[in-house]
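J.: got a sequence here, can you build the structure:
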Amino acid sequence: MSIFNDDHRYWQDRFDTRRVADRIDELLVSERIDENTKSFIESRDMFFLATCDADGHPQSSYKGGDPGFVRVVDEQTIAFPVYDGNGMFLSLGNIRAHANVGMLFIDFEQPNRVRVNGVATVDPQDPLGAEMTGATLVVRVRTAQVFPNCSRYIHKMRLVERSKFVPKRDIEPPIPDWKRMTWAQEYLPEHDPARAADPLT
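T.: Now for the predicted structure:
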């Protein structure tokens with residue numbers, strides 16, 4: 001089934017791109033993740049997640065970790081961990097209301113990108129949680145469309161340093177400064193170790 005609706009067709013017809021759009025859809029868009037795409041996704045240390053609430057209000061979110069933090073569980077399932085954040089749960093709240101998500105994986109060193117659209121679910125008892133260091137929850141995405149995207153406008157950049165806050169097995173991550181600020185510290189969850197840390201003003 002085509003990924004295009006009447007609103008996509010409006011612009012395609014205005015700029016005479018319907019034929020090439022249909023060709024891309026025919027040749028490159030799939031419900032499934034092939035081996036090359038699996039390798040690409042699992043080699044990434046970040047991606048962007050798009051979600052939408054029940055009223056159609058969007059959110060975009062950066063998700064980062066060590067390479068391999070996103071797993072291709074099978075040819076139509078991607079899983080990624082939810083790490084400690086700011087407690088707003090904007091992405092997960094949106095997923096609870098409107099499960100359709102978009103994921104954008106980019107390689108900035110060898111410009112390349114892959115788009116994944118699918119339906120997300122969150123099970124607090126997901127067994128992968130025990131395997132993903134630092135995961136408070138695990139999100140699984142059932143893929144509907146997987147396709148490469150033109151890389152010509154990707155700026156070529158080099159990794160300087162990975163975040164020291166990314167969870168590592170048997171290593172306690174540092175406390176982020178914002179959690180030690182007086183405006184936040186006393187409002188943190190009772191179990192958060194930042195509540196007992198020296199405050200910052």
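J.: only C-alpha atoms for contact and neighbour calcs from this point on.
T.: Fine.
J.: do you know the pLDDT at Met1?
T.: For Met1, the pLDDT comes out at 70.
J.: neighbours around it, how many?
T.: Using other C-alpha atoms under 10 Å, Met1 has 5 other residues around it.
J.: restricting to C-alpha, output stretch 36-51 in PDB.
T.: This file holds the C-alpha atoms of stretch 36-51, laid out as PDB (Å, rounded to 0.1, in the frame of the first residue of the first chain):
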ATOM      1  CA  ASN A  36      22.200  -3.800   5.800                       C
ATOM      2  CA  THR A  37      19.700  -1.600   7.500                       C
ATOM      3  CA  LYS A  38      20.000  -3.700  10.700                       C
ATOM      4  CA  SER A  39      23.700  -3.200  10.700                       C
ATOM      5  CA  PHE A  40      23.300   0.600  10.100                       C
ATOM      6  CA  ILE A  41      20.700   1.000  12.800                       C
ATOM      7  CA  GLU A  42      22.600  -1.000  15.400                       C
ATOM      8  CA  SER A  43      25.800   0.900  14.700                       C
ATOM      9  CA  ARG A  44      24.200   4.300  15.500                       C
ATOM     10  CA  ASP A  45      24.800   6.100  18.800                       C
ATOM     11  CA  MET A  46      21.800   8.400  18.400                       C
ATOM     12  CA  PHE A  47      18.500   8.900  16.600                       C
ATOM     13  CA  PHE A  48      15.700  11.400  16.500                       C
ATOM     14  CA  LEU A  49      12.200  10.300  17.600                       C
ATOM     15  CA  ALA A  50       9.000  12.000  16.400                       C
ATOM     16  CA  THR A  51       5.800  11.500  18.300                       C
END
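J.: buried residues of it, list them for me.
T.: 37-38, 40-47, 49-51 (16 or more other C-alpha atoms under 10 Å).
J.: try stretch 147-156
T.: 147-148.
J.: OK, contacts around the most centrally placed residue in the chain?
T.: By C-alpha atoms, centre = their mean, the chain has its centre lying nearest to Leu49, at 3.9 Å. Residues in contact with Leu49 (C-alpha atoms under 8 Å, 6 or more residues apart in numbering) are 60-63, 101-104.
J.: what's across from it in the sheet?
T.: Going by DSSP bridges, Leu49 is paired in beta bridges with Ser61, Met103.
J.: got a pLDDT number for it?
T.: For Leu49, the predicted pLDDT is 98.
J.: what of Thr201?
T.: 77.
J.: that one - how many residues pack around it?
T.: When counting by other C-alpha under 10 Å, one arrives at 8 neighbours for Thr201.
J.: same check on Asp107?
T.: Residues near Asp107, counting by other C-alpha under 10 Å: 22.
J.: likewise Asp7?
T.: There are 8 residues near Asp7, going by other C-alpha under 10 Å.
J.: so is Asn36 in a helix, a strand, or just coil?
T.: Following DSSP: H, G, I helix; E, B strand; the rest coil, we place Asn36 in the helix state.
J.: what's the spacing between it and Ile78?
T.: Here the criterion is C-alpha to C-alpha, to the nearest Å. By it, Asn36 lies 14 Å from Ile78.
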